[in-house]
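Peer 1: mind folding the following:
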Amino acid sequence: MNKQELIDQISEAADLSKIAASKAIDAFTQVITDTLSAGDSVALVGFGTWDTAVRSARQGRNPQTGKAIQIKEARVPRFKAGKGLKDAVNDR
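Peer 2: This next block holds a predicted model:
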């Protein structure tokens, strides 16, 4: 499912216009992005939790030249599914 299909589904399920559904999805993703950028997490009980993890610095290789390069430490977003979501996915 892509973003437009998600907008269509939410519009129909919540009896909203497609414009309102699009704004709601954009606001939802922006709030999660801002919260993770600030170092906090977002938890929706039964659905899941978004947070960040630190990926430590490591040595890698340039795929074109094979030369060793140093990859910097980075914070990466992650999502952990909640029990309700896991159960819903496994019941199908």
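Peer 1: list the contacts of Trp50.
Peer 2: Residues in contact with Trp50 (Cβ atoms under 8 Å, 6 or more residues apart in numbering) are 32, 35-36, 41-43, 77-79. Just so you know, the C-beta spots here come from the backbone N, C-alpha and C atoms, and that holds for glycine as well.
Peer 1: how many neighbours does the nearest residue to it once chain neighbours are set aside have?
Peer 2: With Cβ to Cβ, 6 or more residues apart in numbering as the measure, Val42 is the residue that lies nearest to Trp50, at 4.6 Å, once sequence neighbours are left out. Using other Cβ atoms under 10 Å, Val42 has 16 other residues around it.
Peer 1: what's the spacing between Val42 and Val89?
Peer 2: To Val89, Val42 is 20 Å away according to Cβ to Cβ, to the nearest Å.
Peer 1: please apply the same query to Lys72.
Peer 2: Per Cβ to Cβ, Lys72 is found 35 Å from Val89.
Peer 1: got it, and Ser56?
Peer 2: 31 Å.
Peer 1: what pLDDT, on average, does the strand or helix carrying Ile69 get?
Peer 2: In the assignment (DSSP states H and E), Ile69 maps to strand 68-71. Per-residue pLDDT values across strand 68-71 average out to 96.
Peer 1: quick one: name whatever helix or strand follows it.
Peer 2: Remark: after strand 68-71, the chain's next helix or strand is strand 74-81, criterion DSSP H and E.
Peer 1: C-alpha coordinates for that next one, CSV please?
Peer 2: Once non-C-alpha atoms are left out, strand 74-81 reads as follows in CSV (Å, rounded to 0.1, in the frame of the first residue of the first chain):
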residue,chain,number,x,y,z
ALA,A,74,24.3,7.3,13.8
ARG,A,75,20.9,7.4,15.5
VAL,A,76,18.4,5.3,13.6
PRO,A,77,14.6,5.1,14.0
ARG,A,78,13.0,1.8,14.8
PHE,A,79,9.5,0.4,15.4
LYS,A,80,8.5,-2.3,17.7
ALA,A,81,5.1,-3.8,17.1
